[in-house]
Every structure is written in structure tokens, then in C-alpha cells.
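# fold the following.
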Amino acid sequence: MGPMNRTTEAASRPARRSAPYRLLPAALALALVAACGGGGGGDGDGGPEEGGTGVGDPVFPTLGNGGYDVRHYGLTLDYEPEGNDLDATAVLTARATKDLAAFTLDLSGLKVTSAKVDGKPAKTSRSGTKLRIEPARPLAKGREFRAEIAYEGRPKTIRDPDGDKEGWIETDHGAVGLGEPVGSMAWFPGNHHPSDKATYDFTVTVPKGFTAVANGEPKGTETVEDEDGDDWTVFRWHSGEPMASYVTSVAIGEFTVLKTTAAAREVPVYVAHAAGAKAEAAGRHMKEMVPKVLAWEEKLFGPYPFASSGAVVDPNRYVGYALETQTKPYYPEPPRDEIIVHELAHQWFGNSVTPRTWRDMWLNEGFAQYAEWMWEAREQKKRTERQIFDDYYDGKDEESRSKDGETIWSFPPAYPTAETISDRPVYDRGAMVLHKLREAVGDDVFFDILRTWARDHRYGNAGTDDFIRLCEKKAGKDLGGLFDTWLFKAAKPSHR
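Predicted structure coming up:
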């Protein structure tokens, strides 16, 4: 997520490192084991169990569901902007990770009209944001199954704990689905924790004159006529690389699409922009910037990880942040070049290499923020990375403080809460951690670490412990003191 126009309505909560990060608290470890099929929900006789709700995330403990692994989502969305009316079907292809009598999905609002598992009707029930599905017959561990859920209604905007809007957000000329951290459940049922990544196909039907843009690559359009004789357009998109649900997106509006290619592999670039002079100018600029930035970032981070790239430029007053939606970051206003750099860096750090839990958010934002620092130093030649670091340390950079009194020292970047997960310490102190690491190991080792991280965990999940182990292996020395001081402790270090 980009730092543009971020607001913080909740007070910061300083945290202390009470135990080494690399050791999971016992309660969390047990929760993770249970979520992955190691217990819970059964009667102890080895028979089928409930899948389990929540995967024990330390920041969002009720998010996600246990007992299965989603491999693919097929989302069919018929949307009428006038009235905000959605009629949809989600088809999930998944594998049971234990014997399942029933399983749950995350879904907020919307009416479920039917559910099937492997083509047979399944029982459903709702509790809060959990949709429970009981198949006609239990699912054996290891079995691949297909769950089909039909649903309808008016999808809603979610106000997340840090005060921002996400979920399904109506705009003046359409709507957009934005998911970070929990908003995707507002427009499709799924296992909405970043640890369960999947491939996607989107089939989006909208009134004639509207365009639907989703993750991945376009797979064709067609015009259909409804029973009243009105024309609708069907847009199909395919995302073949695994994706966390929080970076899925569908943007619907009166868009113009510009095309070019980028990166060493000449990947296709799709830039969708809204009407209006500012949006049109931003779209043309984006068409030039995306190839330029990707070429620059490939030299630093290694090959671009996806089959396409692009952007959605949709100026509106409803969204207060840019978001790194996979392959096509979303910009609610014409962005500064640094924001483009930030969101495209997320394609490596956050989208391809996805955090194992939301506590590891600094691995997304610290890396993307440090990409901004390097762009300013190398391309704009304004300040060196060390000068930027010093300005943050001294509080001279406006982003190092906020109006409500929060500073980058309010809590350590390794311990955000649900209310502070997108606050300045995660972004800026996360970038400071990386700069201190770079100074400690030297440029050759530092950039080898970044490229190895992006390569070894490509399309997967990884956490802070994994990163520290990689750094120490590459550096050939213990870096515990550095990470303790800059990543885990709340207090401002006495030295820079």
C-alpha cells in the first residue's frame, strides 16, 4: 500500500519485545497447528472434523480458515453500477488438508442463494463474517474438491481498524474492490488470509459503455443482450500466478485502456484511466513510467515476477491511498513518480513474496519504501539514502511524524496492531532497518540478499524469521543486535 494520503484515526500503541520474535508464542503455535489440520473440532476418534475458523494470525486472529488450501478461484460477477447491484458466483477449487465434515469461508454481507460441493447441494449457515458449508458427504484428507457459491446483493464498503475504507467502494462512475487487509470478503467468499494464495479467473459483466479491469491478462470480451434488450459487455481476465486475496481487485468504470510492453521479457502493460484531463495525462505518464520503473527495479530485485503489469488511474474522493493490487496497482489520484516506484516494488515484495502473517507487514512496506529512497537517490539525485535516513531519524522528514502525535518511534515495525498496521513505523522504520542492514553488510551482499529473497520465495509466503536467517547466512555473521535495535525495540536508538 502506498503512503499517499494515509490517515491514522487510532492512537499508536507502543509495543515491547517481550520474547525473541523467532519463537512463536505457544498459543499462536497451537492455533496454527490446529488451523493446518493438527487438531480441534473433532471428537478424538479420528473422524471428519470442522475445518476451523481463523488461522491464528497475531494481528487478525479470526481471519482465514483451516482444513483446506484453495488452488483456484473462478469469479463470475454481474454488476449494475446504478443501484450497486451484484449477482455473482464463486467457484473454489481446493484441497482438503484433513478429513472435513464442514469448512468455512470469509464473507461479509451479501446473500448466499445456493452452495454446492462437487456438484451436490451443500448446507450453509452464517455467523458474523463466516460462511459455514457442510457438504453432502465428508471430504477426505488430500482430496481436491470444488465448492460453488452463488450470492447476490449490494456489496459494502468496510471501515478497517486503522480507519481506512476498503472492500467494495462505489465511485462517481463505477466501483472498485480493494482488499488490504480484510476487504476482499466484501465482494467474494474465500479463505482471506495471505497465507492461502491461489490463481484466479474473472468473468465480469457490466452495462455497455463500462469497462471492467481485473488482475492478470485479458482473455477476451463479448457483448450479450439481456431479457429487456439491453446490451452488456463481458470482460474476462486470467491471473495465472498465485495471488493473495488482499491484492485481488476489480475496477469498473468508464475507462480508456492504453497498452505497451515492459521489462526484459516484454511483458504486456495495461493502463486503464478514467475520463478527464488530469486522468488522461496521468494515464499517458503511467504508460511511460511503468516500463521505466520495471526496468530499473529488475536491475535491483531480479526478474519481474508476473506475466503482465499496468495500472488503474481512477481519480476519486472515496479512496485515500494507492494500493499494490497485483499486476495493476490502483491510484485514486494522479500519483507522484515515487508512488509508482513504491507500488511496483510491491510486485516483488508483498505480491510475489507474500508475508506469512500480517505481523510481517514491514517486509512489504519497508521494502517498497526503501525502493522510494533509492529512486530519490539514484534517479532524482536529491538526497542520498543516508541523508534520507538521517532526516527521518531527526524528524525532519514530514512523513516521520503525523498530526496526532504519532512518530516513527511510536512502536517497533515488527509489532503492528490492527489499528497501526499501515502507520509510519511499518513503512519508514522498516526502510531504516534495510538501510542499516545495507551499511552493515555492504552493497554487494545487500543486493544479493534482496534478489535471493525475491527468487527463493517467489509466489510463496515468508516471514521475518526467514529474512533474518537469509541475511545472517549471506553476511556470514550474527545480525541479532541490528534487528533487535531497529526492528524489534520501540525506543528510538541512541545512535544512528
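# isn't Thr89 up against Glu152?
No: using C-beta atoms under 8 Å as the test, Thr89 is too far from Glu152 to be in contact (9.6 Å). For the C-beta atoms, the positions are set from N, CA and C on the backbone; glycine is no exception.
# what segments of the protein are helices?
With helices called from DSSP state H, the chain shows them at 26-33, 277-301, 337-345, 362-375, 385-393, 424, 430-441, 443-456, 464-475, 480-483.
# and these, which is most packed in?
By mean neighbour count, with neighbours taken as mean count of other C-beta atoms under 10 Å, helix 424 ranks first of the helices of the chain at a mean of 28.
# about what we covered before: which one of Thr89 and Glu152 is surrounded by more residues?
Thr89 (18 against 15; other C-beta atoms under 10 Å).
# enumerate every residue touching that one.
When contacts are counted by C-beta atoms under 8 Å, 6 or more residues apart in numbering, Thr89 is found next to Leu75, Thr76, Glu148, Ile149, Ala150, Tyr151.
# for those, pick the one with the most neighbours.
Neighbour-wise, those (other C-beta under 10 Å) top out at Ile149, 25 neighbours.
# that one bridge partners, please.
Ala90, Ala115 (DSSP bridges).
# give me every residue that touches it.
Thr89, Ala90, Val91, Leu92, Leu105, Val112, Ser114, Ala115, Leu131, Ile133, Pro189.
# let me have these in TSV, extended by pLDDT.
TSV is the format used below for those (pLDDT from 0 to 100):
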residue	pLDDT
Thr89	98
Ala90	98
Val91	98
Leu92	98
Leu105	98
Val112	98
Ser114	98
Ala115	98
Leu131	98
Ile133	98
Pro189	98
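# beta partners for Leu131?
According to DSSP bridges, beta-bridge pairing links Leu131 with Leu105, Arg126.
# pretty sure Ala491 contacts Phe411?
No: the criterion here is C-beta under 8 Å, and Ala491 misses it with Phe411 at 10.5 Å.
# with neighbour numbers in mind, choose between these two.
Phe411 (23 against 10).
# gap between that one and Gly128?
28 Å (C-beta to C-beta, to the nearest Å).
# do the same with Pro303
Taking C-beta to C-beta, one finds Pro303 at 42 Å from Gly128.
# more crowded one of these two?
Pro303 (14 against 10).
# just the pLDDT for the more buried one.
Here, the pLDDT recorded for Pro303 equals 97.
# residues in contact with it?
Ala263, Ala264, Arg265.
# scan the residues you listed and report the most crowded one.
Going by other C-beta under 10 Å, Ala263 tops the contacts of Pro303 with 20 neighbours.
# that one and Leu450: what is the separation?
17 Å.
# same question, Asp394
Applying C-beta to C-beta to Asp394 and Leu450 gives a distance of 27 Å.
# quick one: low-confidence parts of this protein?
Applying pLDDT under 70 to the chain picks out residues 3-46, 398-405.
# let's see it at 90
1-49, 52, 160-164, 228, 263-265, 395-407, 490, 495-496 (pLDDT under 90).
# just to revisit the earlier point, mark which of the contacts of Ile149 are buried, thanks.
Thr89, Ala90, Val91, Leu92, Leu105, Val112, Ala115, Leu131, Ile133, Pro189 (16 or more other C-beta atoms under 10 Å).
# residue contacts, the nearest residue in space to Val445 that is not next to it in sequence?
Of all residues not flanking Val445 in the chain, Lys474 sits nearest, at 5.3 Å (C-beta to C-beta, 6 or more residues apart in numbering). Applying C-beta under 8 Å, 6+ apart, we find Lys474 in contact with Val441, Val445, Asp448, Ile449, Thr452.
# identify the residue spatially nearest to the fourth one, adjacent ones excluded.
What that stands for is Ile449. Nearest to Ile449 is Lys474, by C-beta to C-beta, 6+ apart, at 5.1 Å.
# same thing with the first one?
By the measure of C-beta to C-beta, 6+ apart, the closest residue to Val441 outside its immediate chain neighbours is Ala475, 4.5 Å from it.
# please apply the same query to the last one.
If the residues on either side of it in the chain are set aside, Thr452 comes closest to Leu470, at 6.4 Å by C-beta to C-beta, 6+ apart.
# was I right about that neighbour contacting Arg451?
No: Leu470 is beyond contact range of Arg451, at 11.0 Å (criterion: C-beta under 8 Å).
# rewinding a little: tabulate the contacts of Thr89 (a markdown table), appending distance to Gly67.
Formatted as a markdown table, these follow (distance: C-beta to C-beta, whole Å):
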| residue | distance to Gly67 |
| --- | --- |
| Leu75 | 22 |
| Thr76 | 25 |
| Glu148 | 18 |
| Ile149 | 16 |
| Ala150 | 22 |
| Tyr151 | 21 |
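# show me which of those is closest to Glu379.
Leu75 (37.9 Å; C-beta to C-beta).
# let me know whether the closest one touches Thr205 as I believe.
No: applying C-beta under 8 Å as the test, Leu75 and Thr205 come out as separate, 11.5 Å apart.
# distance of the residue nearest to Thr452 from Pro303?
For Leu470, the distance to Pro303 - C-beta to C-beta - is 18 Å.
# could you do Arg146 as well?
Arg146 is 33 Å from Pro303, by C-beta to C-beta.
# what of Ala377?
23 Å.
# now do Thr417
When Thr417 is compared with Pro303 (using C-beta to C-beta), they lie 35 Å apart.
# same question for Arg429.
29 Å.
# what's the answer for Lys396, then?
37 Å.
# Asp231: how many residues sit nearby?
11.
# that one contacts Glu222, doesn't it?
No: counting by C-beta under 8 Å, Glu222 is not a contact partner of Asp231; they are 10.6 Å apart.
# domain map for the chain?
Domain ranges of the chain: 69-255+314-335, 354-488, per automatic domain parsing.
# who touches the closest residue to Gly47 other than its chain neighbours in this structure?
Leaving aside its sequence neighbours, Gly47 sits nearest to Asp99 (C-beta to C-beta, 6+ apart; 6.8 Å). Asp99 makes contact with Gly46, Gly47, Pro48, Glu49, Pro138, Leu139, Ala140, Lys141, according to C-beta under 8 Å, 6+ apart.
# compare those and tell me which is most surrounded.
Leu139 (25 neighbours).
# so what's that one bridging to?
Leu100.
# do you know how far it is from Asp196?
In terms of C-beta to C-beta, Leu139 sits 16 Å off from Asp196.
# how about Asp231?
Asp231 is 38 Å from Asp196, by C-beta to C-beta.
# swap in Ala136?
From Ala136 to Asp196 the distance is 24 Å (C-beta to C-beta).
# so for those two, which residue has more residues nearby?
The neighbour comparison of Ala136 against Asp196 (other C-beta under 10 Å) goes to Asp196, with 22 against 12.
# give the contact list for the closest residue to that one other than its chain neighbours.
The shortest distance from Asp196 to any residue other than its chain neighbours is 5.5 Å, reached at Val70 (C-beta to C-beta, 6+ apart). Neighbouring residues of Val70 by C-beta under 8 Å, 6+ apart: Leu92, Thr93, Ala94, Gly190, Asn191, Asp196, Ala198.
# just name the closest of these to Met289, please.
Closest to Met289, out of all of the contacts of Val70 and judged by C-beta to C-beta, is Ala198, at 29.8 Å.
# ok, that closest one touching His72?
Yes: shown here, Ala198 and His72 form a contact pair, counting by C-beta under 8 Å, at 5.5 Å.
# quick one, which of these two is more surrounded?
Between Ala198 and His72, counting by other C-beta under 10 Å, Ala198 is the more crowded of the two (20 against 16).
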